[in-house]
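Engineer: all I have is the shape, not the residue letters:
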Ligand code: NAD
C-alpha cells in the first residue's frame, strides 16, 4: 500500500513503549509500526506479545546510534513520523557510569534526528513529518516545597541521566529551529504501571515486600515526585503526536504528588490485603515493618511537580486514573507476574 502511514518507534520494548505500542496500534489499526530497540537489560520482548504477530508490527533489533542501520531503515521504509522513547532511564545507573547515557540519550538522539532530517528533506517533507521526542520533568531540576515546572522553566538538570535527557531535548529543539524540522518534545512526570523494570522504585518495593526483605527507601523518604499512570501518559502522547503544535514543548503530569515513603506505605497496605499469607511466612504482621531507610542517593532532587495546563487547555487532555486504583492494578500485575514466573 503506497499511502500507508509508517511510524518508527524507538525503545518500544521498554516500560512506557511496551504500554504505548498496543494502545497506539489499537487506536490506529491502519498504521504500520516499526519498533527499533536493542533490548538492553530494560527491554523485554515478552511485553509486546499482544502485537508481535500482527502483520503491521515489525521489530528491528538494533542500536539507535548505529548510523548505517538507521539510514537503512529510512531507506527501506517510508517513515512518516518518529516517536522516540529509547533511552537509558535509570538515575542510579547514571550516577555509577554516565557513558552509556551519553551514547544512547545524546548520540542516539542526534543520529535519529540527523537521518530523519536528511531523508525527509530529500522528500520535501521536512515540515510535515513529525519527530516526537519523549522526555522527563527531571530536566528542569529540583523544586522546593512549592511551585511547579512549566514549559518555560529553564532546564537545570542535576544528575547525569537528566543532563543527558536535557541535552537530547535541546538537540531536538535545535533541529526544529535550524532546519524547520517538525519537532515536538514532551516531558512527563514519573510513570507507574505494569511492565516496568524491576529495578525502579515501585516494582522494588513490591518485590522486596513479597520476598520478606528490607524495603529500601532513600534518606528520610520525604522526596516528592508527581506520579502518572502509564496509560494516561500514552494517551497524552497519542494526542500530542497527532495534534500538538510543531516546535512546542508539552508537560504531562499526573496532578498526583507523593513522597517516596507515602508510596511505600500505600503499596504495603495493598499487599496486606492482597497477599496476607506471606506475612506469616516472613514473621511480620504488616508489610510496612519491612521499610528501611538507606543512605540517600547522591544529589537526590527533593521535589518534582509539573504544570500541564498547556496540554489540558490546548488539547483537552486530562489524566483519568485515580492513584489508588492505578496503584492497586499495578501491584496486582506484579504479584501475578512474579507468582507465575515462580511456579515455572
Ligand atoms: P526503559 O528503560 O524501561 O526502556 C528503554 C528502552 O529503550 C528499552 O527497551 C531499551 O532496550 C531501549 N534502548 C536503550 N538503549 C537503546 C539503544 N541504544 N538503541 C535502541 N534501543 C535502546 O525506559 P522507559 O521508562 O520506558 O522510558 C522511555 C522514555 O520515556 C525514556 O526516554 C525516558 O527518559 C522517558 N521518561 C520515562 C519516565 C518514567 O517514569 N519511566 C518518565 C518521563 C520520561
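Structural biologist: Perfect, thanks for sending it. All of these numbers come straight from a predicted model, not from anything done at the bench. Numbering: from 1, shown residues only.

Engineer: secondary structure of residue 135: a helix, I assume?
Structural biologist: No. Counting by DSSP: H, G, I helix; E, B strand; the rest coil, residue 135 is not part of a helix but strand.

Engineer: report the beta-bridge partner residues of residue 35.
Structural biologist: Beta-bridge pairing for residue 35 (DSSP bridges): residue 9, residue 59.

Engineer: show me what contacts it?
Structural biologist: Residue 35 is in contact with 9, 10, 12, 13, 17, 21, 48, 57, 58, 59, 60, counting by Cβ atoms under 8 Å, 6 or more residues apart in numbering. No exception for glycine: its C-beta is placed from N, CA and C like everyone else's.

Engineer: residues of the protein that sit close to the ligand?
Structural biologist: With Cβ under 6 Å from any ligand atom as the criterion, the chain meets the ligand at residues 10-11, 13-17, 36-40, 42-43, 63-65, 85-89, 104, 108, 134-136, 165, 188, 190-191, 197.

Engineer: so which of those residues sit within strands?
Structural biologist: The strands, defined by DSSP state E, take in 10, 36, 37, 134, 135, 136, 188, 190, 191 from the residues of the chain next to the ligand.

Engineer: and which of those residues is nearest residue 286?
Structural biologist: residue 190 (25.4 Å; Cβ to Cβ).

Engineer: doesn't residue 225 make contact with that closest one?
Structural biologist: Yes. Between residue 190 and residue 225 there is a contact under Cβ atoms under 8 Å: 4.5 Å.

Engineer: now name the helix or strand holding the closest residue to residue 126 other than its chain neighbours.
Structural biologist: Closest residue to residue 126 apart from its sequence neighbours, by Cβ to Cβ, 6 or more residues apart in numbering: residue 120 at 4.7 Å. Take DSSP states H and E as the rule and residue 120 turns out to sit in helix 109-122.

Engineer: could you give me the buried positions within that helix?
Structural biologist: For helix 109-122, a neighbour-count test (16 or more other Cβ atoms under 10 Å) marks 109, 110, 111, 112, 113, 115, 116, 117, 119, 120 as buried.

Engineer: now the residue of the stretch 1-150 of the chain found nearest the ligand: phi and psi?
Structural biologist: Using Cβ to the nearest ligand atom, residue 14 is the residue of the stretch 1-150 of the chain that sits closest to the ligand, at 1.9 Å. Backbone geometry at residue 14, expressed as degrees, to the nearest 10, gives phi -90, psi -170.

Engineer: SS state for residue 264?
Structural biologist: helix.

Engineer: wait, it touches residue 215, no?
Structural biologist: Yes. Using Cβ under 8 Å, residue 264 is in contact with residue 215, at 5.9 Å.

Engineer: neighbour count: these two, which is higher?
Structural biologist: residue 264 (26 against 22; other Cβ atoms under 10 Å).

Engineer: contact partners for that one?
Structural biologist: Residue 264 touches 205, 215, 217, 221, 288, 291, counting by Cβ under 8 Å, 6+ apart.

Engineer: report pLDDT for the closest residue to residue 40 other than its chain neighbours.
Structural biologist: Closest residue in space to residue 40, ignoring its immediate chain neighbours: residue 88 at 7.5 Å, by Cβ to Cβ, 6+ apart. For residue 88, the model assigns a pLDDT of 98.

Engineer: and for residue 341?
Structural biologist: If you check residue 341, the pLDDT there is 70.

Engineer: near it, how many other residues are there?
Structural biologist: Counted with other Cβ under 10 Å, residues neighbouring residue 341 total 8.

Engineer: how about residue 177?
Structural biologist: 10.

Engineer: for it, list the residues it contacts.
Structural biologist: residue 247.

Engineer: host element of it?
Structural biologist: Element membership for residue 177, per DSSP H and E: helix 160-179.

Engineer: next, the angle from that helix to helix 109-122.
Structural biologist: Angle, helix 160-179 to helix 109-122, by axes from the mean of the first three to the mean of the last three Cα atoms, to 10 degrees: 20 degrees.

Engineer: average pLDDT for helix 160-179, rounded please.
Structural biologist: What helix 160-179 shows for mean pLDDT is 98.

Engineer: check stretch 227-241 too.
Structural biologist: 98.

Engineer: ok, residues contacting that stretch?
Structural biologist: Counting by Cβ under 8 Å, 6+ apart, 15-16, 19-20, 23-24, 27, 81, 83, 130, 132, 134, 184, 186, 188-196, 250, 252-254, 256-258, 263, 311, 315, 317, 319-321, 323, 326 sit against stretch 227-241.

Engineer: got the contact list for the residue nearest to residue 307 when sequence neighbours are not counted?
Structural biologist: On the basis of Cβ to Cβ, 6+ apart, the spatially nearest residue to residue 307 that is not a chain neighbour turns out to be residue 148, at 4.1 Å. Residue 148 is in contact with 305, 306, 307, counting by Cβ under 8 Å, 6+ apart.

Engineer: ok and the residue in the stretch 151-300 of the chain nearest the ligand?
Structural biologist: Going by Cβ to the nearest ligand atom, the ligand is nearest to residue 191 of the stretch 151-300 of the chain, at 3.7 Å.
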